[in-house]
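Novice: got a sequence here, can you model it:
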Amino acid sequence: MTIDRIFPALSWLKSYTRTQFGQDATAAFIVTMLLIPQSLAYAMLAGVPPEVGLYSSILPLVLYAFFGTSTSLSVGPVAVASLMTATSLAAIADQGTVSYLTGAITLALLSGCMLIMMGVMQLGMVTNLLSHSVISGFISASGIIIALSQLKHILGIQAHGDNVITQSLSMLESIGEFKPVTFAVGISVVLFLLLARRYAKQLLLMLNIPENYATSLSKTAPIIGVLSSLAIVYAYNLQSHGVAITGNIPAGLPQLGLTFPSIELIRDLALPALMISIIGYVESISVGKTLGAKRREKVQPNQELIGLGAANIASSISGGFPVTGGFSRSIVNFDAGAVTQLAGVMTAIGIMIASLVLTPILFFLPKATLAATIIVAVTSLIDFSILKKTWAFSRSDFYAVLATIVITLLLGVEIGVASGVGLSILLHLSRTSRPHVAEVGLIEGTEHFRNVKRYDVKTYPHLLNLRPDESLFFVNAAFLEDHIIDSINLRKEITDVVIQCSAVNEIDFSALEMLEALNSQLATLNVRLSLSEVKGPVMDHLEYSGLLQHLSGKVYLSQYQAFQDLSKRVNL
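Specialist: From the prediction side, this is the model:
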């Protein structure tokens, strides 16, 4: 393994230019403006002090810059991971306690270690086991729970709960505490952010600002909402009217240190950390690949595991909570013109300056503003069009997505993410356990074979040509065997069976045993078993197992050869 493979940053540092520095610096400034309110808001969502959100946005950006492979991904606190952090810690500690913060730091440490282990073990393909539609359903449901959890700050009431039922009942019980002034502040910021999302770019374009900068600057509206609401609260002393404010945020940089958690804490948080790692990685790799495709840039899944793992360990060392690649700020980073991860390093420097200088100014920042920032941000996560799409495309996908959404909404994100992962694996196993097996025939005048149900093809009553469109392994071996036996029982005239293996890329020991048993069973029925178009690696396994020595039929190079040879045996 080369040094460039371990530290991808070396590949772009070698040819870094002054022009690239200017582009990265511009992007860093814009992302910093977005990341300051986001960091504070997601810290509140995670249940940790606001400065911890800033700490989680410094060192992780630097470590990812050295180990990550995406030039555009911006790492830091994100909505879903923050919610999962709060949900995971609710059972072991109360918010505001040292134990709670220790738990958040431990989650980041465990998540980082797990991600690095998966990267070293080359498990980047883990995303292939997760259904995109199911994960989309989970994220949409999580977006609703997040928005509902922040509504209490907009209304100025006390509420709790980790699902829509407990949250709704809790808010109904506390509705008598409703504070009109707090609501006015929060709903004003919500409306401002929604209007900015829709019209800010157009307004900036009217001011002759270049489109790429207008797109990025329009997404930094939260910082204007923060400063405006802060100024209003300060000027009119709104905290005396019940508007909850952030209060004192300690100025300074995080104290670096690695605290080893107790065995009991590791046991309690290991599973939540794994879930946060998986969901965070899926979100991050999806954003990285999407942005990478626009630049024809290849994102390495296994190295991304290591990059995100290093970022989470860095967050833990600096007293932060779990982080991953964020969709909104990565898009802003990309649109603002970032060309390398040095933009992330410069963003980290910007957050450092904010931690040192700006925190006293944030004393009067209303919590309703941070809640409004979260609510508007998560609206982009909520997309129930996936239900309509899956209903039209695949009913099994639809029911899996619907189940994930309902379970998450009613039982909370921990059970929701577990059910989402479980349903994704069940969907995969369900499809591979019952692979498409086509009976094929010859298209006359060619050497091509197609499904008898879709094409007008030539067949022979005594000859059964089957093409399994899946590799053969323990999950689907019995299905293919039953399919062949059932066909023979229905058609007594069959004397030869040919399995066209053009789509069989792999075969495991269970499938080999099935073929041996099938060969023997067909022999007792005076039916020969042949194979065609067997790929090299599969042939190696067949030869090693000894199946070919006892095969009642032959192994043909092509399906056409098998068809021509066995069609002549009709009278034999």
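
Novice: quick one: residues contacting residue 21.
Specialist: Counting by CB atoms under 8 Å, 6 or more residues apart in numbering, residue 21 touches residue 342. For glycine as for every other residue, the C-beta is placed from the backbone atoms N, C-alpha and C.

Novice: tell me the mean pLDDT for the helix or strand hosting it?
Specialist: For residue 21, the enclosing helix or strand under DSSP states H and E is helix 18-46. Helix 18-46 shows a mean pLDDT of 92 in the predicted model.

Novice: toward the C-terminus, what is the element adjacent to that helix?
Specialist: Beyond helix 18-46 in the direction of the C-terminus, DSSP H and E gives the next helix or strand as helix 50-55.

Novice: who does the next helix or strand after that following helix touch, helix- and strand-wise?
Specialist: Using DSSP H and E, the helix or strand that follows helix 50-55 in sequence is helix 59-67. Counting contacts by 3 or more CB pairs under 8 Å, 6 or more residues apart in numbering; DSSP states H and E, helix 59-67 is packed against helix 9-13, strand 75-76, helix 301-317, helix 342-353.

Novice: among the ones you listed, show me which one is buried the most.
Specialist: strand 75-76 (a mean of 32; mean count of other CB atoms under 10 Å).

Novice: neighbouring contacts of that one?
Specialist: Taking CB under 8 Å, 6+ apart as the rule, strand 75-76 contacts 35, 38-39, 56-57, 60-61, 64, 68, 284, 308, 311, 323-326, 329, 344.

Novice: that strand pairs with which strands?
Specialist: Sheet pairing here is set by DSSP bridges, and for strand 75-76 it gives strand 324-325 (antiparallel).

Novice: and the contacts of the strand it pairs with?
Specialist: 70, 73-75, 78, 81, 280-281, 283-285, 287-288, 308, 311.

Novice: which of those residues fall within helices?
Specialist: Per DSSP state H, helices hold the following members of the contacts of strand 324-325: 81, 280-281, 283-285, 287-288, 308, 311.

Novice: could you export these as JSON lines, including distance to residue 545 and pLDDT?
Specialist: Output for the ones in helices among the contacts of strand 324-325, formatted as JSON lines (distance: CB to CB, whole Å; pLDDT from 0 to 100):
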{"residue": "81", "distance to residue 545": "47", "pLDDT": "93"}
{"residue": "280", "distance to residue 545": "42", "pLDDT": "91"}
{"residue": "281", "distance to residue 545": "37", "pLDDT": "91"}
{"residue": "283", "distance to residue 545": "43", "pLDDT": "86"}
{"residue": "284", "distance to residue 545": "42", "pLDDT": "90"}
{"residue": "285", "distance to residue 545": "37", "pLDDT": "88"}
{"residue": "287", "distance to residue 545": "45", "pLDDT": "86"}
{"residue": "288", "distance to residue 545": "42", "pLDDT": "87"}
{"residue": "308", "distance to residue 545": "41", "pLDDT": "96"}
{"residue": "311", "distance to residue 545": "46", "pLDDT": "97"}
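
Novice: ok, which pair from these is furthest apart?
Specialist: 81 and 288 (15.7 Å; CB to CB).

Novice: more crowded one of the two?
Specialist: Taking other CB atoms under 10 Å, residue 81 and residue 288 do not tie; residue 81 has more neighbours (30 against 25).

Novice: in this structure the more buried one contacts residue 281, no?
Specialist: No - applying CB atoms under 8 Å, one finds residue 81 not in contact with residue 281, separated by 10.4 Å.

Novice: quick one: the strands in this protein?
Specialist: Along the chain, counting by DSSP state E, strands occupy 75-76, 324-325, 437-442, 449-451, 463-468, 496-500, 528-532, 555-556.

Novice: count of residues packed around the residue nearest to residue 400 when sequence neighbours are not counted?
Specialist: Excluding its sequence neighbours, the residue lying closest to residue 400 (CB to CB, 6 or more residues apart in numbering) is residue 423, at 4.5 Å. By the criterion of other CB under 10 Å, residue 423 has 26 neighbours.

Novice: equivalent analysis for residue 521, please.
Specialist: Neighbour tally, residue 521, other CB under 10 Å: 15.

Novice: that one reaches residue 488, doesn't it?
Specialist: No - the criterion here is CB under 8 Å, and residue 521 misses it with residue 488 at 9.4 Å.

Novice: about what we covered before: just want the angle from the helix holding residue 21 to helix 59-67.
Specialist: For helix 18-46 against helix 59-67, the angle by axes from the mean of the first three to the mean of the last three CA atoms, to 10 degrees is 140 degrees.

Novice: just the buried residues of helix 18-46, please?
Specialist: Residues 20, 23-46 are the ones in helix 18-46 that count as buried (16 or more other CB atoms under 10 Å).

Novice: now do that helix: distance to the chain's middle.
Specialist: The chain centre lies 22 Å from the centre of helix 18-46; the measure is CA atoms, centre = their mean, to the nearest Å.

Novice: could you do stretch 507-515 as well?
Specialist: Worked out by CA atoms, centre = their mean, stretch 507-515 lies 34 Å from the chain centre.

Novice: for it, buried residues please.
Specialist: For stretch 507-515, using 16+ other CB under 10 Å, the buried residues are 507, 511-512, 514-515.

Novice: stretch 126-146 too?
Specialist: Residues of stretch 126-146 classed as buried: 126-127, 130-131, 133-146 (neighbour count, 16+ other CB under 10 Å).

Novice: thinking again about what came up before, could you list which of the buried residues of stretch 507-515 belong to helices?
Specialist: 511-512, 514-515.

Novice: roughly how far apart are residue 484 and residue 522?
Specialist: Separation of residue 484 from residue 522 (CB to CB, to the nearest Å) stands at 8 Å.

Novice: any shared contact partners between these two?
Specialist: Taking CB under 8 Å, 6+ apart as the criterion, residue 484 and residue 522 both touch residue 497.

Novice: walk me through the domains of the chain.
Specialist: 19-248+260-428, 437-571 (automatic domain parsing).

Novice: for residue 9, find the nearest of these.
Specialist: The nearest among the domains of the chain, by CB to CB, is domain 19-248+260-428 at 4.8 Å.

Novice: any idea what the nearest residue to residue 449 once chain neighbours are set aside is bridged to?
Specialist: The shortest distance from residue 449 to any non-neighbouring residue, by CB to CB, 6+ apart, is to residue 440 (4.1 Å). Beta-bridge pairing for residue 440 (DSSP bridges): residue 451.

Novice: right, and residue 440 touches residue 560 too?
Specialist: No - using CB under 8 Å, residue 440 makes no contact with residue 560, being 11.0 Å away.

Novice: mind listing what the closest residue to residue 334 other than its chain neighbours touches?
Specialist: Spatially, and ignoring its direct neighbours in sequence, residue 334 is nearest to residue 72 (4.3 Å; CB to CB, 6+ apart). Residue 72 makes contact with 288, 291-292, 295, 330, 333-334, 338, according to CB under 8 Å, 6+ apart.
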